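Asks: pasting the sequence and the predicted coordinates here, then a few questions.
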Amino acid sequence: MKVLKFGGTSIGSAERMQSVAGLVCNGSQNIVVLSAMSGTTNSLIEICNYLYKGNYCGALEIISSLEGKYNITLNALYSLQETKDEAAQLLKSHFDYIRSFTKDVFTEIEEKIIIAQGELLSTTLFQLYLNEKEVDSLLISALDVIKTDINGEPDVVYIADKINKIIRNDAGRKIYLTQGFICRNLYGEVDNLQRGGSDYTASLIGAAVNAEEIQIWTDIDGMHNSDPRIVEKTQPIPFLHFEEAAELAYFGAKILHPTCILPAKLNNIPVRLLNTMQPEAQGTMISTHCEKGKIEAVAAKDGIIAIKIKSGRMLLAHGFLRKVFEVFELYQTPIDMITTSEVGVSVTIDNPKHLDEIIHDLKQFGTITVDKNMVIICVVGDLPYENEGFQAKIVGALHQLPIRMISYGGSDYNISFLIHEKDKKQALNALSNVLFN
Ligand code: ADP
Ligand code: ASP
Ligand code: MG
């Protein structure tokens, strides 16, 4: 069995949904994971922003405009009047449900319910289309299968148990369809796996059923060697090692959700990135295969804050780093990058939620300097230190830019730089020219 995940653009219109149906009905048994249609999650978030402010008129206006778009899709998607009527009724019940939140108190619980409607809508429409085409498919609610634990992490034992039971009890279907992104939390409330989280759902399910392959279908022909939104003439990468793909996803390559590679890597399930608009393109195959000594790609992660803790007491002191790290642990704020010297340590974080408390607590250990609006530039490839010269080549490409931190040696797969946000475009283009052109 394979898991095929389709992103928002891939199912962004009636025509796109029809071509996705053609791709998934390929004679094999497939599990299909769908995102919300493109733009929907953003609209749902906008609705929630109005509701938080108590502006019900603002919310109702966006709800109606979104409903209008879905009605257009519905009319173009189906051929039979009977299916159109059924879909219209289902759409109405979803949008009436969303409207029901415009009357009362609004909290994060209601927000998550509203945001989940995007994936519930897309899978409802797609299942009706498969029914109309007489494809033997089963719609499984991700809210019954994907659950997070006390740490907000997916409960992989629960997920494997649930999905395998459902498939066993309804064996032999051609397509098992479900929603990406949405889940329940420890308390049974509707929740989600963060923006872009449908990729994560696909790899969690792939791992749970021990799939032959996880396919992430999107609007580009695989992982490119730099961000195609910023750098011209980027190239798709045919093969990536799990570690390389994980570094790229974590450090900003938007094509993959940051944590999506881990479940596949742990279960050694290949992940293939494919283009819905160009299904014959080779795409990117992510597996244990690695091209020796090759610099594969560069990614950039925005919104980084650097914190420097400088202290005379660090000199020859043991336990200093532990105390510093404990502050970040206390505020559940992960550290991305770290560099040290004899008198201080610099770390970066991407979550500013507890920045003030963190700075306050760190002041007992030394003098604190904070740099905001920074970017991590991450160069990824097979880069063990025995491969001479690659560090010089990479640093050389950035010789015209001020670099705040450099980190290498944490793995054999990446070398990272911290630079100012305003220098990001120049840095990505300079690296692309030197490394790939
Ligand atoms: P989906 O909606 O299918 O999940 P996303 O928008 O999340 O699609 O991801 C695909 C987009 O990721 C591409 O359109 C591209 O602009 C962007 N992207 C950023 N970095 C890369 C990269 N290194 N390689 C490929 N695409 C990238
Ligand atoms: N629909 C969600 C989002 O827009 C999840 C996803 O597309 O992966 O973030
Ligand atoms: Mg995505």
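Replies: Noted; the coordinates are in hand. Numbers count the residues shown, from 1 in each chain. Ligands and ions are numbered 1, 2, ... in the order given.
Asks: list the contacts for the residue in the chain that ligand 1 sits nearest to?
Replies: Proximity of the chain to ligand 1 (C-beta to the nearest ligand atom) peaks at residue 7, 1.7 Å away. The C-beta positions use only the backbone N, C-alpha and C, and glycine is treated the same way. By C-beta atoms under 8 Å, 6 or more residues apart in numbering, the contact list for residue 7 reads 35, 38, 198, 199, 216, 217, 218, 219.
Asks: ok, now residue 179?
Replies: 33, 34, 116, 119, 120, 122, 123, 141, 142, 143, 198, 201.
Asks: do the host helix or strand of residue 203 and ligand 2 meet?
Replies: Per DSSP states H and E, residue 203 falls inside helix 198-208. Yes. Looking at helix 198-208 against ligand 2 by C-beta under 6 Å from any ligand atom, the contacts come from residue 198.
Asks: what parts of this structure come near ligand 1?
Replies: So the chain meets ligand 1 at 7-10, 35, 196, 218-220, 223-224, 227-229, 253-255, 299 (C-beta under 6 Å from any ligand atom).
Asks: out of those, who's near ligand 2?
Replies: Within these, those near ligand 2 by C-beta under 6 Å from any ligand atom are 7, 8, 35, 196.
Asks: ok, and the most crowded of those residues?
Replies: With neighbours set by other C-beta atoms under 10 Å, the maximum within these is found at residue 35, which has 29 neighbours.
Asks: which residue, other than its chain neighbours, is closest to that one?
Replies: Once flanking residues are discounted, residue 35 sits nearest to residue 198: 4.2 Å by C-beta to C-beta, 6 or more residues apart in numbering.
Asks: hang on, isn't that neighbour packed against residue 183?
Replies: No. The criterion here is C-beta atoms under 8 Å, and residue 198 misses it with residue 183 at 11.0 Å.
Asks: need the helices for the stretch 1-150 of the chain, in chain order.
Replies: With DSSP state H, counting those that start in this stretch, the ranges of helices along the stretch 1-150 of the chain come out as 14-24, 40-52, 56-77, 81-99, 108-132.
Asks: repeat for the stretch 201-350 of the chain
Replies: Under the criterion DSSP H, counting those that start in this stretch, the stretch 201-350 of the chain contains helices at 242-250, 261-266, 320-330.
Asks: what ranges in the stretch 151-300 of the chain fall below the confidence cut-off?
Replies: For the stretch 151-300 of the chain, no stretch has pLDDT under 70.
Asks: the residue of it found nearest ligand 3: which element?
Replies: Nearest residue of the stretch 151-300 of the chain to ligand 3, counting by C-beta to the ion: residue 196, 4.1 Å away. Using DSSP H and E, no element contains residue 196; it sits outside every helix and strand.
Asks: in contact with it, which residues?
Replies: 254, 257.
Asks: tell me the phi and psi of it?
Replies: With angles defined as degrees, to the nearest 10, residue 196 sits at phi 80, psi 10.
Asks: also residue 371?
Replies: Backbone geometry at residue 371, expressed as degrees, to the nearest 10, gives phi -120, psi 120.
Asks: so what's it bridging to?
Replies: Taking DSSP bridges as the rule, residue 371 bridges to residue 306.
Asks: measure residue 99 to ligand 2 for me?
Replies: To ligand 2, residue 99 is 21 Å away according to C-beta to the nearest ligand atom, to the nearest Å.
Asks: for that residue, grab the count of nearby residues.
Replies: 16.
Asks: any idea how far the residue lying closest to it once chain neighbours are set aside lies from ligand 3?
Replies: Of all residues not flanking residue 99 in the chain, residue 63 sits nearest, at 5.9 Å (C-beta to C-beta, 6+ apart). Distance from residue 63 to ligand 3, counting by C-beta to the ion, to the nearest Å: 24 Å.
Asks: got a list of what residue 63 touches?
Replies: Per C-beta under 8 Å, 6+ apart, neighbours of residue 63: 47, 95, 98, 99, 102.
Asks: so how far is the helix or strand encompassing residue 368 off the chain centroid?
Replies: Assigning secondary structure by DSSP H and E places residue 368 in strand 367-381. On the basis of C-alpha atoms, centre = their mean, to the nearest Å, strand 367-381 sits 21 Å off its chain's mean C-alpha point.
Asks: and stretch 331-339, by the same measure?
Replies: On the basis of C-alpha atoms, centre = their mean, stretch 331-339 sits 19 Å off its chain's mean C-alpha point.
Asks: using neighbour counts, pick out the buried residues of that stretch.
Replies: By neighbour count on 16 or more other C-beta atoms under 10 Å, the buried set for stretch 331-339 is 333, 336, 337, 339.
Asks: would you mind finding the most buried of the helices of the stretch 1-150 of the chain?
Replies: Ranked by mean neighbour count, the helices of the stretch 1-150 of the chain are led by helix 108-132 with a mean of 21 (mean count of other C-beta atoms under 10 Å).
Asks: is that helix in proximity to ligand 2?
Replies: Yes. Helix 108-132 is in contact with ligand 2 by C-beta under 6 Å from any ligand atom, via residue 118.
Asks: tell me which parts of the stretch 51-200 of the chain are close to ligand 2?
Replies: Within the stretch 51-200 of the chain, the positions near ligand 2 by C-beta under 6 Å from any ligand atom are 118, 180, 181, 195, 196, 197, 198.
Asks: which non-adjacent residue is nearest residue 220?
Replies: Residue 220's closest residue in space is residue 275 (C-beta to C-beta, 6+ apart), at 5.9 Å.
Asks: check residue 372 too.
Replies: The shortest distance from residue 372 to any non-neighbouring residue, by C-beta to C-beta, 6+ apart, is to residue 305 (5.3 Å).
Asks: mind saving the C-alpha coords of stretch 404-413 as PDB?
Replies: Taking Å, rounded to 0.1, in the frame of the first residue of the first chain, the C-alpha atoms of stretch 404-413 are listed here in PDB:
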ATOM      1  CA  ARG A 404      26.500  36.500  13.000                       C
ATOM      2  CA  MET A 405      27.000  32.800  13.700                       C
ATOM      3  CA  ILE A 406      28.500  29.700  11.900                       C
ATOM      4  CA  SER A 407      27.600  26.200  12.900                       C
ATOM      5  CA  TYR A 408      29.200  22.900  11.600                       C
ATOM      6  CA  GLY A 409      29.900  19.500  13.000                       C
ATOM      7  CA  GLY A 410      26.500  18.800  14.600                       C
ATOM      8  CA  SER A 411      25.900  16.300  11.800                       C
ATOM      9  CA  ASP A 412      27.600  15.300   8.600                       C
ATOM     10  CA  TYR A 413      24.800  16.800   6.600                       C
END
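Asks: residues near residue 256, how many?
Replies: So residue 256, with other C-beta under 10 Å, has 24 neighbours.
Asks: surely it touches residue 247?
Replies: No. No contact is recorded between residue 256 and residue 247 when judged using C-beta under 8 Å, the distance being 10.7 Å.
Asks: which residues does whatever residue of the stretch 201-350 of the chain ends up closest to ligand 2 contact?
Replies: Going by C-beta to the nearest ligand atom, ligand 2 is nearest to residue 257 of the stretch 201-350 of the chain, at 6.8 Å. For residue 257, the contact set (C-beta under 8 Å, 6+ apart) comprises 193, 194, 196, 197, 198, 199, 200, 249.
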